[in-house]
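Colleague: build me a structure from this.
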Amino acid sequence: MADTLLGAVKPVRQGFGRAETGATAIEYALIASLISIFIVGALTLTSNSVTLMYNVVSNAMVRAAGN
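Modeller: Next up, the predicted model:
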C-alpha cells in the first residue's frame, strides 16, 4: 500500500519544480506595482511646482494680451 501512495505522489512532486509561469506573472505584477507607486510619488512631489509654473505662465500671457 505504501508503494501505491508513493507512486501516486511522485508525478505531483516532480511537477512542482517546473511550474514557473505563475511565479513569473507575479514577479511582473510586483515590478509594475512598484513602478506605479514611484510614478504616483513623483507626481505628488512635483504637482505644486507644476501648478505654480502654470500660474506664472498663465498670468504672463494675460498681461501680454492686455486683458
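Colleague: show me where the chain has strands.
Modeller: Using DSSP state E, no strands are found in the chain.
Colleague: tell me how many other residues surround residue 41.
Modeller: Residues contacting residue 41 under the criterion other CB atoms under 10 Å number 10. For the C-beta atoms, the positions are set from N, CA and C on the backbone; glycine is no exception.
Colleague: next one: it relative to residue 54, how far apart?
Modeller: 21 Å (CB to CB, to the nearest Å).
Colleague: and residue 52, how many neighbours does it have?
Modeller: Number of residues near residue 52 (other CB under 10 Å) recorded here: 10.
Colleague: equivalent analysis for residue 36, please.
Modeller: Residue 36 has 10 neighbours, counted by other CB under 10 Å.
Colleague: that one and residue 60, how far apart?
Modeller: Remark: distance between residue 36 and residue 60 (CB to CB) = 35 Å.
Colleague: same question for residue 34.
Modeller: To residue 60, residue 34 is 39 Å away according to CB to CB.
Colleague: likewise for residue 33?
Modeller: Going from residue 33 to residue 60 by CB to CB gives 40 Å.
Colleague: now residue 44: how far from residue 51?
Modeller: In terms of CB to CB, residue 44 sits 12 Å off from residue 51.
Colleague: quick one: mean pLDDT over the longest helix that the chain contains.
Modeller: Longest helix of the chain, by residue count under DSSP state H: helix 21-65. In this model, helix 21-65 carries a mean pLDDT of 92.
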